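[1] dropping a prediction and its sequence here:
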Amino acid sequence: MTTRLRPAIEVTGLTKSFGDQQVLRGIDATVPAGTVFALLGPNGAGKTTMVRILSTLGRPDGGEVRVGGLDPVREPDAVRAVIGVTGQNSAVDGILTGAENLRLVGRLLHLGEAETDRRTAELLEQFDLVDAARKRVDAYSGGMRRRLDLAMSLMGNPRIVFLDEPTTGLDPRSRRELWAVIRTLVAGGVTVFLTTQYLEEADQLADRIAVLDGGRIVAEGTAEELKRLVPGGHIQLRFADQRGFAAAVQAVTVADADPEQLVLHVPSDGSVGDIRKLLDRLDDRDITIDQLDIHTPDLDDVFFALTGNAPKGVQL
């Protein structure tokens, strides 16, 4: 008999307002244990508000919330014992060394000296900070500070980790290094709740993605499921001369033609079968293609279609 694991996070009908501004308008979400759930949305959509409520730092106005099976409002201490949080702003102390920052967290968690030393050494190794362990954090790069920040949130071996826009401001190399760390955590059974404005980040990391706009989740699914919600996939054909272009227009009846650029946009899902059918049709008429490009909807297209605006910081 298979035992069904309880979801790591369950949210039903979550609402939150600040004065007359309704920030969350009835959010439903379920995050299976040992997965990455990405909450994607523009600035002001309510992502950080939701993280604060789930991590016991804010109180909801309505709805039901369970984190690790616990109620963050009624059982905040119990919830804090099973979660780790990395916010948008680094929580590291620049005056202390990397090792001292970690040991400070260990003392705050009452881990005991031996366990604090063990976890400090373990996390310095895991986050590739051994060589910088005795250096003041003021001398760290942005990527190193972010890795230390995440390491500090893991001192208590949390089962659930909240990452609120963890790679904002990092260069591409540092961002990818942090992605590798997140993948390692999930492989070890940790659940990651990630908020981000970087569409590529959600695409790369998340098992499921929810798009938050205007305080509501307007779509949820895997990256591929969300991409299928958006029309616009096509094959772009470019021709070397007017004769080939004109012949292709006759052969392909459903297409957007650009006579000036000698380009056809043929609607397609980008599948191998679709491409083969199109090429066979052109080959039968001895039509030569100068260049072929395939465009399938990506998360950029999903975001624009569902929210109608581009978030600050989105990397396009």
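    All right, it came through fine. As the structure is a computational prediction, the values presented were derived from the model and not from experiment.
[2] what stretches of the protein score poorly on pLDDT?
    Counting by pLDDT under 70, the chain has low-confidence residues at 1-5, 232, 308-316.
[3] can you rerun that using 80?
    Low-confidence segments of the chain (pLDDT under 80): 1-5, 88-90, 169, 228-233, 269-271, 296-298, 300-301, 303-316.
[4] show me where it has helices.
    Assigned helices in the chain, in chain order: 47-54, 76-80, 98-108, 113-126, 142-153, 172-187, 199-205, 223-228, 242-251, 272-284, 299-307 (criterion: DSSP state H).
[5] could you dump these into a markdown table and include distance to G62 and mean neighbour count?
    Every C-beta, even on glycine, is put in place using the N, C-alpha and C of the backbone. As requested, these are exported to a markdown table (distance: least, CB to CB, whole Å; neighbours: other CB atoms under 10 Å):
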| stretch | distance to G62 | mean neighbour count |
| --- | --- | --- |
| helix 47-54 | 11 | 23 |
| helix 76-80 | 18 | 16 |
| helix 98-108 | 32 | 20 |
| helix 113-126 | 38 | 16 |
| helix 142-153 | 28 | 22 |
| helix 172-187 | 31 | 16 |
| helix 199-205 | 27 | 21 |
| helix 223-228 | 27 | 17 |
| helix 242-251 | 58 | 16 |
| helix 272-284 | 47 | 13 |
| helix 299-307 | 24 | 20 |
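[6] how about the ones you listed, which one is nearest G215?
    Taking CB to CB as the criterion, helix 47-54 is the member of the helices of the chain that comes nearest to G215, at 8.9 Å.
[7] just how off-centre is that closest one within its chain?
    Offset of helix 47-54 from its chain centre (CA atoms, centre = their mean, to the nearest Å): 15 Å.
[8] heads up, I number from 885, so please use that
    Noted, 885 is the first residue going forward, which turns the last one into helix 931-938.
[9] same list (the helices of the chain) but as a markdown table, adding distance to P1143.
    Converted to a markdown table, the helices of the chain look like this (distance: least, CB to CB, whole Å):
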| stretch | distance to P1143 |
| --- | --- |
| helix 931-938 | 45 |
| helix 960-964 | 63 |
| helix 982-992 | 62 |
| helix 997-1010 | 59 |
| helix 1026-1037 | 49 |
| helix 1056-1071 | 39 |
| helix 1083-1089 | 34 |
| helix 1107-1112 | 31 |
| helix 1126-1135 | 7 |
| helix 1156-1168 | 18 |
| helix 1183-1191 | 26 |
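[10] D1140 - how many residues pack around it?
    11 (other CB atoms under 10 Å).
[11] I'd like the distance from it to A1090, if you could.
    From D1140 over to A1090 the distance is 33 Å, taken as CB to CB, to the nearest Å.
[12] go ahead and confirm I1093 touches L1110.
    Yes: under the criterion of CB atoms under 8 Å, I1093 makes contact with L1110 at 6.0 Å.
[13] anything in contact with each of those two?
    Residues touching both I1093 and L1110 (CB atoms under 8 Å, 6 or more residues apart in numbering) are 1104, 1183.
[14] what's the spacing between the spatially closest residue to T1004 that is not a sequence neighbour and L980?
    When the adjacent residues along the chain are set aside, T1004 lies closest to L986, with 4.3 Å between them (CB to CB, 6 or more residues apart in numbering). L986 sits 9 Å away from L980, taking CB to CB as the criterion.
[15] same deal with G910?
    The span separating G910 from L980 equals 43 Å under the rule CB to CB.
[16] please parse this protein into its domains.
    The record, using automatic domain parsing to delimit domains, assigns the chain the ranges 893-1112, 1118-1180.
[17] quick one: closest of these to V1186.
    Among the domains of the chain, if distance is taken as CB to CB, the winner is domain 893-1112, at 4.8 Å.
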